[in-house]
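Enquirer: Have a look at this prediction, sequence included:
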Amino acid sequence: MGISALPTSLPVRPVVGITDVKAGAEAVLSPKTVEKALSAIESSKRLAAYTAVDHYVKPEHRVIGIGSGSTVPYVVERIVQQGVEANKDRVFIPTVLALSVSGFQSKELIVESRLNLGDVDQYPVIDVTLDGADEVDRSLNCIKGGGACHLREKVLAEAAKTFILVADYRKNVEYLGTNWQPGVPIEVVPFAYAKVLSNLHNSLGSPNASLRMAVKKAGPVVSDNGNFIIDAPFDQEKMKDPYPIMAQIKMLTGVVEVGLFCHMAEAAYFGNQDGTVTIKRSDGSTTQVTP
Ligand SMILES: O=C[C@H](O)[C@H](O)[C@H](O)COP(=O)(O)O
């Protein structure tokens, strides 16, 4: 797969994991090397998604939440492989209902796969939601919102009896902020963004928090809900236990949702380059399986 064929993502998102670390971040890798690394990443995403679906999407599940990002298409692909009979009485709830610039959106995926589409206001209790993540720590806290979808994603995660994360090996870290450099995505109502930025700079310990700017459009990124996104990096001390800072940010007036999901996931599936899948569970256990 060529780079141009890869899922598009918002420009602030770093492509972690394909830099030649030994040669330094500025090293220019050959197109062949980059392509090889990227296809390894895609294979890892698919491996994680397929295994998670096999373990968690059961015949008795009727309402299924589908997150957003470039890993989730593989979730839908595997669910479709369960067959027409398995899916005919199921309803799938996407995180994104409107069409948007992002390459893969869950509504389009569901419709194109001829699965039944529903919304969370009709189905406020979801059997299982599967979603990607920008980074996941040892306690299954995660950063989400690299694609500015974290408000709807958190609603679907919270509505779910079981919330499962799927990602490639680059997202599996000890502490949040290890590979994911932009910081914590924060959705804010537009008129309050300067006040929230000031709160983050002066009171909450994120001097480099900044408004996410669009690249192929003038001005800031606007979320599917018509809001702005702030990216706020925090030091490792705060990220060791992200719940307190998540709660503090959420208390700021003008903040709609914080892209820190704490104590929500039951398990996280990471596809590895060697064809294995690492499964981290909320009970603290980790296993490695070969699907
Ligand atoms: O806003 C975007 C979502 O939180 C995505 O689930 C997250 O950014 C992970 O996306 P990907 O699977 O493309 O890395």
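Expert: Received it, and whenever you're ready, just let me know what you need. This is a predicted model, so every value here is computed, not measured.

Enquirer: thought Val111 was touching Gly118?
Expert: No: the pair Val111 and Gly118 fails to qualify as a contact (CB atoms under 8 Å) at a distance of 11.8 Å. C-beta here means a position set from N, CA and C on the backbone, and glycine is covered the same way.

Enquirer: Comparing those two, which residue is more hemmed in?
Expert: Ranked by neighbour count (other CB atoms under 10 Å), Val111 and Gly118 place Gly118 first, with 18 against 14.

Enquirer: Chain neighbours aside, what residue packs nearest to the more buried one?
Expert: Spatial nearest neighbour of Gly118, chain neighbours left out: Val91 (3.9 Å); criterion: CB to CB, 6 or more residues apart in numbering.

Enquirer: swap in Gly183?
Expert: Per CB to CB, 6+ apart, closest to Gly183 is Pro233, 3.4 Å.

Enquirer: my guess is the one you found meets Gln181, correct?
Expert: Yes: between Pro233 and Gln181 there is a contact at 7.0 Å, judged by CB under 8 Å.

Enquirer: Show the contacting residues for the residue nearest to Asp131 when sequence neighbours are not counted.
Expert: Leaving aside its chain neighbours, Asp131 sits nearest to Gly67 (2.6 Å; criterion: CB to CB, 6+ apart). Neighbour list for Gly67: Val75, Thr95, Ser106, Thr129, Leu130, Asp131, Gly132, Cys149, Glu153, Leu156 [criterion: CB atoms under 8 Å, 6 or more residues apart in numbering].

Enquirer: How about Arg62?
Expert: So Arg62 contacts Asp89, Arg90, Val91, Asp127 (CB under 8 Å, 6+ apart).

Enquirer: For PyMOL, what selects the buried ones among those residues?
Expert: Buried residues among those (16 or more other CB atoms under 10 Å), as a PyMOL selection:
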select buried, resi 90+91+127
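
Enquirer: of all the contacts of Arg62, which comes closest to Leu165?
Expert: Asp127 (16.3 Å; CB to CB).

Enquirer: Skipping adjacent residues, who's closest to the closest one in space?
Expert: Nearest residue to Asp127, sequence neighbours excluded (CB to CB, 6+ apart): His61, at 4.1 Å.

Enquirer: Okay, strands next: where are they in the stretch 101-250 of the chain?
Expert: For the stretch 101-250 of the chain, the strands defined by DSSP state E, counting those that start in this stretch occupy 126-131, 135-136, 142-143, 160-168, 184-188, 210-211, 228-232.

Enquirer: what would those look like in a markdown table with distance to the ligand and mean pLDDT?
Expert: Below are the strands of the stretch 101-250 of the chain laid out as a markdown table (distance: least, CB to the nearest ligand atom, whole Å; pLDDT from 0 to 100):
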| stretch | distance to the ligand | mean pLDDT |
| --- | --- | --- |
| strand 126-131 | 5 | 98 |
| strand 135-136 | 9 | 98 |
| strand 142-143 | 8 | 98 |
| strand 160-168 | 6 | 98 |
| strand 184-188 | 7 | 98 |
| strand 210-211 | 16 | 98 |
| strand 228-232 | 9 | 98 |
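
Enquirer: got the residues of the stretch 1-150 of the chain near the ligand?
Expert: 9, 67-71, 131-134, 144-150 (CB under 6 Å from any ligand atom).
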